[in-house]
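A.B. asks: output the structure for:
(one chain, ligands or ions: 1)
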Amino acid sequence: MKSIYLFDVDGTLTPAKGNINIEFAKELHNWMNNKQVYIVSGGSFPRIVNQLGREIVDQTRGVFACMGNAFYKKIKDKDGYSSWNLEYENKFSIQKPALFFSELERYVMNSEYHTKTGRHYEERVGMVNFSIVGRNATKKQRKEYEEYDKVHQERKGIVTKLSKKHPTLDFVIGGAVSIDIFNKGNDKSQVIDRFLKDVWQDYRILFVGDRVEYPGNDYSLAKLLDEHENGKTFGVETWQDTQQLLKTKLFASS
Ligand SMILES: [Mg+2]
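C.D. replies: Model (predicted):
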């Protein structure tokens, strides 16, 4: 049976928000030869290209960006170059957006965390990205919040409260400091429902991600795959784990 490989980016192929290691990029590029690979990331398409480099992105069959809310398909040109076509894009929708965003602001105000840098939420394709520390945070400030959150589990608490209040939305812990918010079903699992549903029977689908436990942003896809006989999820903690994984037999078949 042939395989289709799906990879998360942040924390799986790269450090969170960082670029791919140069050595690993070479290994990955070689490994991808003759394999069907797709990227499934919370980031936007330009950011993914920045992080992985054009050569790796061009070796994939497609990129599911913004949690699968936008799908870019590769078109092979006659002259050997590839171009990318946006196949679909979802919109985030909520009935009273102003009320909802002021509710998020209140979480920022009421948080006991000491550093709040501004730009706490950002609307992206099909989703909202929310963080207590704010998008203006420096690398160091992000790291500090990450450590704080590990101890205090602040994000988990916020996700639990918001989920209860907004049953039509899903809230997941994404990246190192933020919470991703989207309309129910518009999470990473939509990759299967929208695109790969018909190929399950003939292909094994393997997924590698670093947030596969609830309420991580890989959880919905991981769960869906693990419930299917042809699906399998691999949880990693760092891109180095992925680097090792690619050397195993499980990842040898095309
Ligand atoms: Mg990740």
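
A.B. asks: OK, contacts around whichever residue of the stretch 151-254 of the chain sits closest to the ion?
C.D. replies: Closest residue of the stretch 151-254 of the chain to the ion, CB to the ion: residue 210 (4.4 Å). (Glycine included, C-beta is placed from N, CA and C.) Residue 210 sits next to 8, 10, 11, 12, 216, 218, 235, 236, 237, 238 when contact means CB atoms under 8 Å, 6 or more residues apart in numbering.

A.B. asks: what's the answer for residue 14, then?
C.D. replies: Contacts for residue 14 (CB under 8 Å, 6+ apart) come out as 20, 21, 51, 52, 239.

A.B. asks: ditto for residue 148
C.D. replies: With contacts defined as CB under 8 Å, 6+ apart, residue 148 is in contact with 113, 154.

A.B. asks: got it, and residue 213?
C.D. replies: Neighbour list for residue 213: 219, 235 [criterion: CB under 8 Å, 6+ apart].

A.B. asks: please, which helix or strand holds residue 170?
C.D. replies: Assessed by DSSP states H and E, residue 170 sits inside strand 169-174.

A.B. asks: does the ion sit close to that strand?
C.D. replies: No - for a cut-off given as CB under 5 Å from the ion, strand 169-174 has no contacts with the ion; the smallest distance is 7.1 Å.

A.B. asks: which strands or helices does that strand pack on?
C.D. replies: The contact analysis (3 or more CB pairs under 8 Å, 6 or more residues apart in numbering; DSSP states H and E) places strand 169-174 against helix 154-165, strand 178-183, helix 219-226.

A.B. asks: mind putting those in CSV, mean neighbour count included?
C.D. replies: Shown next, in CSV, are the helices and strands packed on strand 169-174 (neighbours: other CB atoms under 10 Å):
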stretch, mean neighbour count
helix 154-165, 15
strand 178-183, 24
helix 219-226, 21
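
A.B. asks: what's the spacing between residue 22 and residue 55?
C.D. replies: According to CB to CB, to the nearest Å, residue 22 stands 12 Å off from residue 55.

A.B. asks: those two: who's more crowded?
C.D. replies: Using other CB atoms under 10 Å as the criterion, residue 22 and residue 55 rank with residue 55 on top: 12 against 8.

A.B. asks: Provide the secondary structure category for that one.
C.D. replies: At residue 55 the chain is in helix, as set by DSSP: H, G, I helix; E, B strand; the rest coil.

A.B. asks: surely it and residue 26 touch.
C.D. replies: No - Residue 55 lies out of contact with residue 26 (CB atoms under 8 Å); the separation is 9.7 Å.
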